[in-house]
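Student: Structure here, sequence nowhere to be found:
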């Protein structure tokens, strides 16, 4: 099973990139974040001939998640469904079940600044994710969690880390929150395959020549429970979408899992 994740930063603006990648790379599942379109305006017609089933939840101009799959999901849900549910939550968290495997797609809040209530909301979001895992998943069974996590876990995951200690995506509290959530029972499959490699997934296009000079961040992740992580045969970052015309500031991360090994 080939799983991919991509923060498109507007699905309508990146349609040619997304459809081209689907046709050429043929993932079994593609998780999208920051689709920035309300449900009534999601460009379903553009995907009509791709053969993919699409689950999506979105809002105008902000947030939004979607999951494209070759197989019709056995289950689809959005949001935490907890007593802290925020109106934006269903546009940031979606879970499907495909071939009996839960796949969670998240667009974690960025946090704005470390002295902002939005940053505390981000930290709380990770605590809620841990509870969500406890309620809906099992660390002893196959499950995948992927998306834009808005956290660079280690110094190697961000350019010039010493300059970003107070950045909401590298601040110690955000990294601790992310690490604690992972410790519930997930494995970072990219880092498992490449313990020391520096490989980014995001290059801010507000910074001139960020891609050319490789001034980026690894904030998009694919994680799997241990039994499924052991079945991960390959994981890679595809720079093609970031180099395409009118790109997102993120690119595609994908991983292959051999389900026959389970």
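Tutor: Nice, I can see it. All of these numbers come straight from a predicted model, not from anything done at the bench. Residues are numbered from 1 along each chain as shown.

Student: could you point out the longest helix in this structure?
Tutor: helix 117-136 (DSSP state H).

Student: what residues are up against residue 125?
Tutor: 108, 109 (CB atoms under 8 Å, 6 or more residues apart in numbering). From N, CA and C alone the C-beta is placed, and that goes for glycine too.

Student: what does the model give it for pLDDT?
Tutor: pLDDT, residue 125: 98.

Student: ok, now residue 260?
Tutor: 85.

Student: Direction included, what does the next helix or strand after the longest helix of the chain pair against?
Tutor: On the C-terminal side of helix 117-136, the nearest following helix or strand under DSSP states H and E is strand 144-148. Strand 144-148 has the following sheet partners, assigned by DSSP bridges: strand 101-107 (parallel), strand 220-224 (antiparallel).

Student: chain center to the shortest one, what's the gap?
Tutor: Meaning strand 220-224. Counting by CA atoms, centre = their mean, to the nearest Å, strand 220-224 is centred 7 Å from the centre of its parent chain.

Student: Which is the succeeding secondary structure element to it?
Tutor: Sequence order places helix 226-229 as the next helix or strand after strand 220-224, per DSSP H and E.

Student: out of the strands paired with strand 144-148, deepest packed?
Tutor: Stretch with highest mean neighbour count among these: strand 220-224 (a mean of 25; mean count of other CB atoms under 10 Å).

Student: before we move on, the earlier item: name the residues of the longest helix of the chain that are buried.
Tutor: Buried residues in helix 117-136, counted by 16 or more other CB atoms under 10 Å: 119, 122, 123, 125, 126, 128, 129, 130, 132, 133.

Student: doesn't residue 166 make contact with the first one?
Tutor: If I follow you right, that is residue 119. No: using CB atoms under 8 Å, residue 119 is not in contact with residue 166, being 10.6 Å away.

Student: Which parts of the stretch 1-150 of the chain are helices?
Tutor: Taking DSSP state H, counting those that start in this stretch, the helices of the stretch 1-150 of the chain run over residues 15-25, 117-136.

Student: Turn those into a markdown table, including distance to residue 212.
Tutor: Formatted as a markdown table, the helices of the stretch 1-150 of the chain follow (distance: least, CB to CB, whole Å):
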| stretch | distance to residue 212 |
| --- | --- |
| helix 15-25 | 19 |
| helix 117-136 | 30 |
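
Student: And the pLDDT for the most centrally placed residue in the chain?
Tutor: Geometric centre of the chain, nearest residue: residue 147, 0.7 Å, by CA atoms, centre = their mean. For residue 147, the model assigns a pLDDT of 98.

Student: so it bridges to which residues?
Tutor: Per DSSP bridges, the residues bridged to residue 147 are residue 106, residue 221.

Student: which residues touch it?
Tutor: Residue 147 touches 5, 7, 31, 33, 65, 104, 105, 106, 107, 108, 220, 221, counting by CB under 8 Å, 6+ apart.

Student: Any idea how many residues pack against the fourth one?
Tutor: Yep, that's residue 33 we're talking about. 30 (other CB atoms under 10 Å).
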